[in-house]
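1. Need the 3D shape of this:
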Amino acid sequence: MRTTRCRLIAFRILARVPLLAAVAAWASEPSAVPLEVQEAIRSRVDSGRNIGIVIGVVTAQGTSFYSYGTMSAEGGEPVDETTLFEIGSVAKPFTALLPADAVELGDLSLDDPIDGDLPASVVPPSSGSRSIRYRDLAAHTSGLPPIPGNLDPADWGNPYADYTVDQLYEAVSGYALANLGTYEYSNLGFGLLGHLFEMRYGASYEDLVVHRVCDVLGMADTRVTLSDEQRARTATGYREGEPFPIWANPTLAGAGRFLSTAKDLSVFVAANLDLIESPLHVAMQLTQQPHAYAYAYGGIPIGLGWHILDRGGERIVEHHGATGGCWSYVGFVMEDQIAVVVLTNTYADSDDLGVHVLDPTWPLAEH
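-> Model prediction:
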């Protein structure tokens, strides 16, 4: 069965490739980055709070980028839209596209229980007779905790590097789900989601996302495994003035392991806005719909891999990400046909820069 699935998916991917010509027309336009955002970026870098920041603003007229700072605290090359950064949990919308696309391909239902894709040695986590479904993992309603209870890394500066598949199975096997169906943000849940797709299709998480999402959209710089040329364009991350290594995450990769550029992520959000013709349109629309509500946080709607903020009747569909030394933000407003990407090689909350672009009434933080 899994061999058949792999062949089916491979065939569908090959059939999609000619549509990439539509992406080539997505050109950079004169700057639409608000002047106050540019000023805030310069201030944060000049003060030493951030090492470098890149922002991309996507509208129906095209994409604008503004960059300031460097790839390293020691100076060197300036950051720009082709600089690679760790994106942390901004990878979760990519992970969520795997089940959404499988639904569109007729290979999965979001209400399918995950039990059948777990090894026979694993006792499926459950709440009474109710099992975790794929929708639960992608909408953070699985009842699984934010991080595995057995996470005990040799180096907390790289916390997932030595976490094994056997430890993952131990963490979820027979887990009593006290809050199944209730929103609780879970890196463990998304890590499990990515792993289940590896098991289901017999391919690595990176290969699945690259072939089913990145290659389809022409995003050649969104990768886990980097070429020498890409490594030369990768920014060094910093926390409290000290350089931080790129996080390894072989087992829970679905929770966030990719690196990317502002240029690539601008293509991704443009496709979500339907500004680029994409065969992922149906799957992307499915991820943007509310599938749960975070009642403990004012009833915020939760998509598949997205959080949805109501700002004056308009929906900001968004996600941020953080690693040891980088911070990222992506968001868009479908009604206004605008999207934003913010990347920085510093562990410093930079969400306000992006949210302000989408909603100018949102204040820029003072630093």
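2. Where does the most centrally placed residue in the chain sit: helix, strand or coil?
-> Centroid check for the chain by Cα atoms, centre = their mean gives A91 as the closest residue, at 2.0 Å. The three-state assignment at A91 reads helix, by DSSP: H, G, I helix; E, B strand; the rest coil.
3. Quick one: residues contacting it.
-> Contacts for A91 (Cβ atoms under 8 Å, 6 or more residues apart in numbering) come out as V209, G254, A255, G256, R257, F258, G321. From N, CA and C alone the C-beta is placed, and that goes for glycine too.
4. What distance do you get for it to T222?
-> 9 Å (Cβ to Cβ, to the nearest Å).
5. so where do the helices sit in the stretch 1-150 of the chain?
-> Ranges of helices in the stretch 1-150 of the chain, per DSSP state H, counting those that start in this stretch, are 2-16, 21-24, 35-46, 92-104, 134-138.
6. Please apply the same query to the stretch 251-367 of the chain.
-> Using DSSP H, counting those that start in this stretch, the helices of the stretch 251-367 of the chain run over residues 262-272, 281-288, 351-358.
7. Which stretch among those is buried most, on average?
-> Comparing the helices of the stretch 251-367 of the chain by mean neighbour count (mean count of other Cβ atoms under 10 Å), helix 262-272 ranks first with a mean of 26.
8. ok, back up a step: shared neighbours, A91 and T222?
-> V209, F258.
9. show me where the stretch 201-350 of the chain has strands.
-> Applying DSSP state E, counting those that start in this stretch to the stretch 201-350 of the chain gives strands spanning 237-239, 242-244, 259-260, 292-294, 300-302, 307-311, 314-322, 327-333, 338-344.
10. hey, least reliable of those by pLDDT?
-> Sorting the strands of the stretch 201-350 of the chain by mean pLDDT places strand 307-311 lowest, at a mean of 92.
11. Now do that one: distance to the chain's middle.
-> The gap between where strand 307-311 is centred and where its chain is centred comes out at 17 Å by Cα atoms, centre = their mean, to the nearest Å.
12. and it, what does it pack onto?
-> Using 3 or more Cβ pairs under 8 Å, 6 or more residues apart in numbering; DSSP states H and E, the elements in contact with strand 307-311 are strand 300-302, strand 314-322.
13. before we move on, the earlier item: I'd like the helices of the stretch 251-367 of the chain laid out as TSV, including mean pLDDT.
-> Shown next, in TSV, are those (pLDDT from 0 to 100):
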stretch	mean pLDDT
helix 262-272	98
helix 281-288	98
helix 351-358	98
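14. Reformat those helices as CSV; add distance to A339.
-> Below are the helices of the stretch 251-367 of the chain laid out as CSV (distance: least, Cβ to Cβ, whole Å):
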stretch, distance to A339
helix 262-272, 4
helix 281-288, 12
helix 351-358, 8
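15. Would you tell me which of the ones you listed gets closest to G189?
-> Closest of the helices of the stretch 251-367 of the chain to G189 is helix 281-288, at 15.4 Å (criterion: Cβ to Cβ).
16. If I look at G312, what pLDDT would I see?
-> Turning to G312, the model gives it a pLDDT of 79.
17. Would you enumerate the residues in contact with it?
-> D359, T361.
18. before we move on, the earlier item: highest average neighbour count across the helices and strands packed on strand 307-311?
-> Stretch with highest mean neighbour count among those: strand 314-322 (a mean of 21; mean count of other Cβ under 10 Å).
19. Touching that strand from outside, list them.
-> By Cβ under 8 Å, 6+ apart, strand 314-322 touches 86-93, 256, 272, 288, 301, 303, 305-309, 327-336, 347, 351, 354-355, 358-359.
20. swap in stretch 270-278?
-> 19, 22-23, 26, 58, 60, 63, 216-217, 267, 280-281, 284, 288, 317, 332, 334, 337-339.
21. Which among those residues count as buried?
-> Neighbour counting over the contacts of stretch 270-278 (16 or more other Cβ atoms under 10 Å) leaves 19, 23, 26, 58, 63, 216-217, 267, 280, 284, 288, 317, 332, 334, 338-339 as the buried ones.
22. ok, the residues you listed vs G128, which is closest?
-> Lowest distance from G128 to the buried ones among the contacts of stretch 270-278 (Cβ to Cβ) belongs to Q288, with 31.3 Å.
23. what sits against that closest one?
-> Contacts for Q288 (Cβ under 8 Å, 6+ apart) come out as N272, G303, W306, I308, V317, M334.
24. From D101, how far off is the last one?
-> When you say that, I think you mean M334. Taken as Cβ to Cβ, the span from M334 to D101 is 20 Å.
25. Any idea which of the helices and strands packed on strand 307-311 gets closest to R44?
-> Comparing the helices and strands packed on strand 307-311 by Cβ to Cβ, strand 314-322 comes nearest, at 16.0 Å.
26. All set now, cheers.
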